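Q: Sequence first, predicted model second:
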Amino acid sequence: HHMEGHLLAPLMDPQIEVPLPFIALLVSGGHTQLVKVNAIGSYELLGESLDDAAGEAFDKAAKMLDLGFPGGPHLAKCAEAGDPDRFRFPRPMTDRPGLDFSFSGLKTYTLNKVRELATGSEHTLAATDRADIARAFEEAVVDTMVIKCRRALEATGLDHLLMAGGVSANARLRARLAEKLNATVLYPPAKYCTDNGAMIAHVGALRLAAGERSPLGVAVRARWPLDELTVPGA
């Protein structure tokens, strides 16, 4: 299971030991989810994106700013030169209770700001405007995820957060989570944040060690919710 691979990727480091249960933040191009992990195969979905995933929003914002693909690393690099105080973009769905996410409105807000500042017949942005928009966008996404993670930890009474998926490589997100949360925050090395075969092999090894066996035939599912996975040996 692709997302189970991401979820357990931080545990590929043998020096990382995490008490069960713990909270996982899955942030990638296709998913933004908060999950309570009770055991291998026992996952409780606490919240998810109702529209664009965080990684998808990064890619689309980067495209608006002509920063290239994949958008996350390019936007983060551009944001380093941005003024954090010039713009404040909305932190979507943080003014209401719950753990769901929504990034489509933030994407629209970013597009409107780009159109407002673009000049000339080519509708281009000045380098400073591009950097400031990138910084404001990244700050908004990071703050939103920090707020939701804090809520998840407080609601469950847990103190360990594992973060995985392509967006978990974002340096500002890592630093802000460590700074703002009263919890232990863990994540895989950058090379294991994006899609990789090692994370899938790792989950297979964990399930095998827990006694799970399966026939060689494979039933492919295009959509397979994490909370429908089985617990090895159950």
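A: Arrived safely.

Q: what sits against the nearest residue to Ala81 once chain neighbours are set aside?
A: Distances taken as C-beta to C-beta, 6 or more residues apart in numbering place Ala131 nearest to Ala81, at 4.2 Å, with adjacent residues excluded. The way it works is simple: take the backbone N, C-alpha and C, and place the C-beta from them, glycine included. Applying C-beta atoms under 8 Å, 6 or more residues apart in numbering, we find Ala131 in contact with 78-83.

Q: out of those residues, who's nearest Ala210?
A: Using C-beta to C-beta, Ala79 is the member of the contacts of Ala131 that sits closest to Ala210, with 41.6 Å.

Q: where do the strands sit along this protein?
A: Assigned strands in the chain, in chain order: 22-27, 32-39, 42-48, 160-164, 184-186 (criterion: DSSP state E).

Q: quick revisit: turn the contacts of Ala131 into JSON lines, columns for neighbour count, distance to Gly211 and pLDDT.
A: Conversion of those to JSON lines gives the following (neighbours: other C-beta atoms under 10 Å; distance: C-beta to C-beta, whole Å; pLDDT from 0 to 100):
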{"residue": "Cys78", "neighbour count": "24", "distance to Gly211": "49", "pLDDT": "97"}
{"residue": "Ala79", "neighbour count": "24", "distance to Gly211": "46", "pLDDT": "97"}
{"residue": "Glu80", "neighbour count": "12", "distance to Gly211": "48", "pLDDT": "97"}
{"residue": "Ala81", "neighbour count": "13", "distance to Gly211": "53", "pLDDT": "97"}
{"residue": "Gly82", "neighbour count": "22", "distance to Gly211": "51", "pLDDT": "97"}
{"residue": "Asp83", "neighbour count": "11", "distance to Gly211": "55", "pLDDT": "98"}
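
Q: Make a markdown table from those and add distance to Tyr187 to it.
A: A markdown table is the format used below for the contacts of Ala131 (distance: C-beta to C-beta, whole Å):
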| residue | distance to Tyr187 |
| --- | --- |
| Cys78 | 22 |
| Ala79 | 19 |
| Glu80 | 20 |
| Ala81 | 25 |
| Gly82 | 24 |
| Asp83 | 28 |
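
Q: Cool, thanks, talk later.
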